[in-house]
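>>> No sequence on hand, only this structure:
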């Protein structure tokens, strides 16, 4: 993005913060430049300007999220895919995908639209310490085989796109340790066997997964190919048939009573990496038996389950935005990345809006007004939960400044 486009971006940013509705028209009115410059220049910022979404996402992580994270702990990540329903038959990248919002346990529903692979950072925000949020930073548009053939591109699976996102973030910060939580789609051999060296993974495990001990050391003079696996161990389902302990876990906003058993084993698909295997049987709630694994073998079974439960925040944060609007999530990163560099709201020249200003006639051409819902509710005047209301008046810029930054109220 060049200097002229960046100036347009700053104008859109100021309007995005103070506009009552997040449309381009309202942004220009809030910024005070409606009628001064043709509105088409600002629409071209989204339709024609060159955006490096990867660099933008890394910038968001570096200046916005790192101050919120503990340097002594691994950075928790959440990986998932989201559907954005569309109607155009000739729209780029569209296809038929499974829609979890419309599907039930008995009937699977597919819809036409986009499928985005999203990598988010799991954080606890100071103004709402009682819950976790997943802030998306990196994205990839998944093309199924038909869409890839129409676009004349090489077909790439969702796990391959996930590995690409992890490599991008982990290689940009080699001194930090990362821990990604993902569902079954991203917990197979293609992801587990290709993790960056500074990244761990926690995911689900099939109940019939074949588990083995580490191979025995070779004896002096022994010939033949070295063994990859040792003696076979019970499957997760068989582990629960044996003796297990009963514990109470505080997960998903409730207390669950479960039977839990754990061990350290090697999975047949990736025999060269030891895993912490956790099999759990809920005793209340009617939920099925499940199994999980983590590459952090020093963790306890309870800690594996509690940390994995934090991944559910990415499902909740995506449900705040209408599926048809999730495609705009990458474009929303720009305004969020620059919020930390703005002065206090009271000192902004755009804060005093003129009441009753006439809205331009081209207001019908809008950017979806719920763009702000694509990220968790960072703006404290719109809290996510009732328990956050007592602290919602705290200025956002005071929460996001680093320890070495000056107090924005003094500038």
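Noted; the coordinates are in hand. It should be emphasised that the depicted structure is a prediction, and the values quoted were computed from it without experimental measurement. Numbers count the residues shown, from 1 in each chain.
>>> Outline the domain layout of this protein.
The record's domain parsing of the chain by automatic domain parsing lists 3-51+332-410, 204-212+230-302.
>>> I figured residue 43 hits residue 25, correct?
No: contact criterion CB atoms under 8 Å: residue 43 and residue 25 do not qualify, at 9.9 Å. Any C-beta I mention is one placed from the backbone N, CA and C, and that applies to glycine too.
>>> could you say which helix or strand contains residue 58?
Assigned by DSSP states H and E, residue 58 belongs to helix 53-60.
>>> looking at this structure, which helix or strand is least sure?
helix 396-400 (a mean of 35; mean pLDDT, DSSP states H and E).
>>> Which residue, neighbours along the chain excluded, lies closest to the residue most central in space within the chain?
Computing the C-alpha centroid of the chain and ranking residues by CA atoms, centre = their mean puts residue 120 first, at 2.3 Å. Closest residue in space to residue 120, ignoring its immediate chain neighbours: residue 134 at 3.9 Å, by CB to CB, 6 or more residues apart in numbering.
>>> does that neighbour sit in a helix, a strand or a coil?
strand (DSSP: H, G, I helix; E, B strand; the rest coil).
>>> Mind listing the residues bridging to it?
residue 122 (DSSP bridges).
>>> Residue 124 is in contact with that one, correct?
No: Residue 134 lies out of contact with residue 124 (CB under 8 Å); the separation is 11.2 Å.
>>> between the two, who's got more neighbours?
residue 134 (28 against 15; other CB atoms under 10 Å).
>>> Can you tell me how far the more buried one is from residue 175?
23 Å (CB to CB, to the nearest Å).
>>> Also residue 51?
28 Å.
>>> Looking at these two, which is more packed in?
residue 51 (16 against 6).
>>> how close does that one get to residue 31?
20 Å.
>>> check contacts around the closest residue to residue 26 other than its chain neighbours.
Spatial nearest neighbour of residue 26, chain neighbours left out: residue 19 (4.0 Å); criterion: CB to CB, 6+ apart. Residue 19 sits next to 26, 27, 29, 30 when contact means CB atoms under 8 Å, 6 or more residues apart in numbering.
>>> Columns pLDDT and secondary structure on top of the residues you listed, output as JSON lines?
Below are these laid out as JSON lines (pLDDT from 0 to 100; DSSP: H, G, I helix; E, B strand; the rest coil):
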{"residue": "26", "pLDDT": "85", "secondary structure": "helix"}
{"residue": "27", "pLDDT": "85", "secondary structure": "helix"}
{"residue": "29", "pLDDT": "86", "secondary structure": "helix"}
{"residue": "30", "pLDDT": "86", "secondary structure": "helix"}
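>>> and which of the residues you listed is nearest residue 292?
Distance to residue 292 across the contacts of residue 19 (CB to CB) is lowest for residue 27, with 44.2 Å.
>>> quick one: secondary structure of the nearest residue to the closest one once chain neighbours are set aside?
Spatial nearest neighbour of residue 27, chain neighbours left out: residue 15 (2.9 Å); criterion: CB to CB, 6+ apart. Following three-state DSSP, the label given to residue 15 is helix.
>>> who's in contact with residue 15?
Here residue 15 is in contact with 26, 27, 28, 29, 30, 31, 350 (CB under 8 Å, 6+ apart).
>>> For it, give me the pLDDT.
With respect to pLDDT, residue 15 scores 85.
>>> Also residue 247?
Reported pLDDT for residue 247: 90.
>>> before we move on, what about residue 152?
90.
>>> which residues in the chain form strands?
75-85, 95-98, 110-123, 133-142, 178-182, 199-204, 211-212, 232-233, 245-251, 254-267, 274-282, 290-294 (DSSP state E).
>>> Now distance to residue 307 too, for these, in TSV please.
As requested, the strands of the chain are exported to TSV (distance: least, CB to CB, whole Å):
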stretch	distance to residue 307
strand 75-85	7
strand 95-98	27
strand 110-123	9
strand 133-142	13
strand 178-182	7
strand 199-204	6
strand 211-212	21
strand 232-233	24
strand 245-251	10
strand 254-267	14
strand 274-282	11
strand 290-294	8
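>>> Among the ones you listed, which comes closest to residue 225?
Going by CB to CB, the one of those nearest residue 225 is strand 211-212, 16.0 Å.
>>> follow-up on the earlier one: who's more crowded, residue 43 and residue 25?
Between residue 43 and residue 25, counting by other CB under 10 Å, residue 25 is the more crowded of the two (23 against 15).
>>> Isn't that one up against residue 39?
Yes: the pair formed by residue 25 and residue 39 meets the contact definition of CB under 8 Å, at 7.2 Å.
>>> buried set for stretch 157-177?
158-159, 161-166, 168-170, 176-177 (16 or more other CB atoms under 10 Å).
>>> can I get the residues you listed in JSON lines with pLDDT?
Putting the buried residues of stretch 157-177 into JSON lines (pLDDT from 0 to 100) gives the following:
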{"residue": "158", "pLDDT": "93"}
{"residue": "159", "pLDDT": "93"}
{"residue": "161", "pLDDT": "94"}
{"residue": "162", "pLDDT": "94"}
{"residue": "163", "pLDDT": "95"}
{"residue": "164", "pLDDT": "94"}
{"residue": "165", "pLDDT": "94"}
{"residue": "166", "pLDDT": "94"}
{"residue": "168", "pLDDT": "94"}
{"residue": "169", "pLDDT": "94"}
{"residue": "170", "pLDDT": "94"}
{"residue": "176", "pLDDT": "92"}
{"residue": "177", "pLDDT": "93"}
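>>> Just the residues you listed: which are in helices?
Among the buried residues of stretch 157-177, the members falling in helices (DSSP state H) are 158, 159, 161, 162, 163, 164, 165, 166, 168, 169, 170.
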